[in-house]
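Colleague: 3D model of this:
(one chain, ligands or ions: 1)
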Amino acid sequence: MKSLKTDSRNKDRHVPQRSCAVCRAKSDKGDLIRLVKSPEGKIVIDTTKKLPGRGVYICPDLECVERAKKSGILAHALKAEIDENFWPELEEHVKDFGVNVKLKIRSVLGLARKAGALMIGSERIEAEHKKTLVILAKDSSDGVKKFAASRQSISLDMTIKELSDVTGLRDSVQILGLPLNSGFAKKIISITEERSNAFER
Ligand SMILES: [Zn+2]
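Modeller: Okay, the predicted model is just below:
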């Protein structure tokens, strides 16, 4: 039996966890936005996540940004001033995080395709007789939606065009499948769970 290539980075991975200064939810460090106090005493977004000094973390979630704005918690935590440009910049940064989710998903789907684990189209999914995680284009037909309804599916907010691009096919791809027990499916699920908030924008 051909063994499926799985994403080994998922196993025993030690990723430092941090809490959002606003909602206190814990996430991988890389999944939060780091804010630091600049030498001038202002709060800045640490896009490199390497700036020296005391930092706080916030979820890439506009709700946490809004709460931070109202409560003044960031200025208080860092004992720093907030520039008028800071909030619009932070909001932009949060929105970019949502875009990055799509990039991550594309990369996982691309790897799955290369490994031969990606099932393209409902016929192929049907033929595999495996427990499948299906990924449905948001603009797919009613028939395909119905097909997906009887399976474990995940909505990735991707269009037929985007799914087709991922598969590298010219045909319009309305649905993709991944073996539910594969590393690829697990990775997709974990990406969407981590960032479900960033997605709803
Ligand atoms: Zn938060």
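
Colleague: let me see the contact set for Leu74.
Modeller: Leu74 sits next to Ala21, Leu35, Ile43, Val56, Ile58, Ala68, Ala80, Ile82 when contact means CB atoms under 8 Å, 6 or more residues apart in numbering. (Glycine included, C-beta is placed from N, CA and C.)

Colleague: quick check: it is in a strand.
Modeller: No - per DSSP: H, G, I helix; E, B strand; the rest coil, Leu74 lies outside any strand segment and is helix.

Colleague: so what's Glu128 up against?
Modeller: Neighbour list for Glu128: Met119, Gly177, Pro179 [criterion: CB under 8 Å, 6+ apart].

Colleague: what about these, which one has the most neighbours?
Modeller: For the contacts of Glu128, the largest number of neighbours (other CB atoms under 10 Å) sits with Gly177, at 28 neighbours.

Colleague: hang on, the earlier thing: dump the contacts of Glu128 into CSV; add distance to Thr132 and pLDDT as well.
Modeller: Formatted as CSV, the entries for these read as follows, by distance: CB to CB, whole Å; pLDDT from 0 to 100:
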residue, distance to Thr132, pLDDT
Met119, 7, 94
Gly177, 4, 95
Pro179, 6, 95
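
Colleague: and these as JSON lines, adding secondary structure and distance to Ser153?
Modeller: Rendered in JSON lines, the data for those read as follows (DSSP: H, G, I helix; E, B strand; the rest coil; distance: CB to CB, whole Å):
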{"residue": "Met119", "secondary structure": "strand", "distance to Ser153": "13"}
{"residue": "Gly177", "secondary structure": "strand", "distance to Ser153": "9"}
{"residue": "Pro179", "secondary structure": "strand", "distance to Ser153": "14"}
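
Colleague: for the ion, what are the nearby residues on this protein?
Modeller: Cys20, Val22, Cys23, Cys59, Cys64 (CB under 5 Å from the ion).

Colleague: who wins for most neighbours among those?
Modeller: Ranked by the number of neighbours (other CB under 10 Å), those place Cys59 first, at 26 neighbours.

Colleague: show me where the protein dips below the pLDDT cut-off.
Modeller: Low-confidence segments of the chain, defined by pLDDT under 70, span residues 1-15, 170, 194-201.

Colleague: which helices and strands sit right next to whichever helix in it runs longest?
Modeller: Among the segments of the chain that qualify as a helix by DSSP state H, the longest is helix 86-114. The contact analysis (3 or more CB pairs under 8 Å, 6 or more residues apart in numbering; DSSP states H and E) places helix 86-114 against strand 33-37, strand 43-45, helix 62-71, helix 160-167, helix 183-194, helix 196-199.

Colleague: give the pairing partners of the second one; include direction for each.
Modeller: Translated: strand 43-45. Partners of strand 43-45 in the sheet, by DSSP bridges, are strand 33-37 (antiparallel).
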